[in-house]
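J.: Got a predicted model here, sequence first, then my questions.
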Amino acid sequence: QVQLVESGGGLVQAGNSLRLSCAASGRTFSNYVVGWFRQAPGKERELVAAIYSGGTTYYAGSMKGRFTISRDNAKNTVYLQMNSLKPEDTAVYYCAAGGTLNVVTTTPEYWGQGTQVTVSS
């Protein structure tokens with residue numbers, strides 16, 4: 001089992017930055033692909049970015065350039081640096097883990113509880 005706990009969300013003004021953290025405990029976290037997702041009110045959950053165990057990254061098209069995903073396997077933590085935030089980035093952000101990118105983007109094995117990000121205009 002892997003337990004995922006997100007942190008770092010909050011209320012920020014548009015144009016500012018936040019860094020989210022996804023801390024893992026349990027099985028060997030470094031072997032997993034980890035993704036960040038978000039779900040805005042009334043919308044479906046969408047993938048923001050994912051990172052392989054070796055550090056290769058994948059971004060949803062609209063997020064690339066403003067968001068950066070990274071991981072520190074020694075700390076069992078994956079980060080999402082979010083810059084130039086916009087009101088439309090307001091959502092609950094979740095991290096998820098799975099054995100492959102396909103698993104993470106379809107049926108992740110593990111989910112965190114989410115952290116709220118609210119961007120005011």
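T.: Okay, I see it.

J.: quick one: secondary structure of the spatially most central residue of the chain?
T.: By C-alpha atoms, centre = their mean, the chain has its centre lying nearest to W36, at 2.3 Å. For W36, the assignment made with DSSP: H, G, I helix; E, B strand; the rest coil gives strand.

J.: beta partners for it?
T.: W36 forms beta bridges with A49, C95, as assigned by DSSP bridges.

J.: How about T68?
T.: In this entry, T68 is beta-bridged to Q81, by DSSP bridges.

J.: contacting residues for the nearest residue to K75 once chain neighbours are set aside?
T.: Distances taken as C-beta to C-beta, 6 or more residues apart in numbering place A23 nearest to K75, at 7.7 Å, with adjacent residues excluded. In short, each C-beta sits where N, CA and C put it, glycine included. Counting by C-beta atoms under 8 Å, 6 or more residues apart in numbering, A23 touches 4-7, 75-77.
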